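> with the sequence up front, the predicted model follows.
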Amino acid sequence: MKKLEIIIRPERLDDLKNILNSNGAHGLMISNIMGYGSQRGHKQVYNGVDFGGNLLPKVKVESIVSDETYEAIIDQVIDQINTGEYGDGKIFVYDVYDAIRIRTGERGTDAL
């Protein structure tokens, strides 16, 4: 199992959810975050709010997926979420040792 931590522009969230759903990701966690990367957080207005400083709004999506599907998800995210501009985001991949569904006690991929 792999944990995908995908940080994207907020306006691309629906596209990412469609990618995850079409690849059998059964759950996800979404967090609104602020940050910057290579673009150093150039000044930007978002939803009428001037963020000044150097922090830009981003969305972090976390999902645990099978070893068989994570590469396909990454390829689709790169193809469909990419705008070719700074600030498109990052994908981090972590190995997951185990998962346990609390309600039933199921473990591993059965718990997903």
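Structure received. Numbering: from 1, shown residues only.

> what residues sit buried inside the longest helix anywhere in the chain?
Taking DSSP state H as the criterion, the chain has its longest helix at helix 70-81. Residues Tyr70, Ile73, Ile74, Gln76, Val77, Ile81 are the ones in helix 70-81 that count as buried (16 or more other CB atoms under 10 Å). Just so you know, the C-beta spots here come from the backbone N, C-alpha and C atoms, and that holds for glycine as well.

> which residues does the residue lying closest to Asp95 once chain neighbours are set aside contact?
The shortest distance from Asp95 to any residue other than its chain neighbours is 6.6 Å, reached at Lys2 (CB to CB, 6 or more residues apart in numbering). For Lys2, the contact set (CB atoms under 8 Å, 6 or more residues apart in numbering) comprises Ile64, Val65, Ser66, Asp67, Tyr70, Val93, Tyr94, Asp95, Val96.

> ok, Asn23 next?
By CB under 8 Å, 6+ apart, Asn23 lies in contact with Val65, Thr69, Ala72, Ile73, Gln76.

> what's the neighbour count on Ile7?
By other CB atoms under 10 Å, 19 other residues sit near Ile7.

> how about it, phi and psi?
phi -110, psi 120 (degrees, to the nearest 10).

> ok, it to Val61 distance?
Distance of Ile7 to Val61, computed by CB to CB, to the nearest Å: 8 Å.

> next one: Gly89
Distance from Gly89 to Val61, by CB to CB: 10 Å.

> common neighbours of the two, please.
In contact with both Gly89 and Val61: Ile6, Ile7, Ile8, using CB under 8 Å, 6+ apart.

> can I get these in TSV including pLDDT and distance to His26?
TSV is the format used below for the shared contacts of Gly89 and Val61 (pLDDT from 0 to 100; distance: CB to CB, whole Å):
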residue	pLDDT	distance to His26
Ile6	98	16
Ile7	97	21
Ile8	96	20
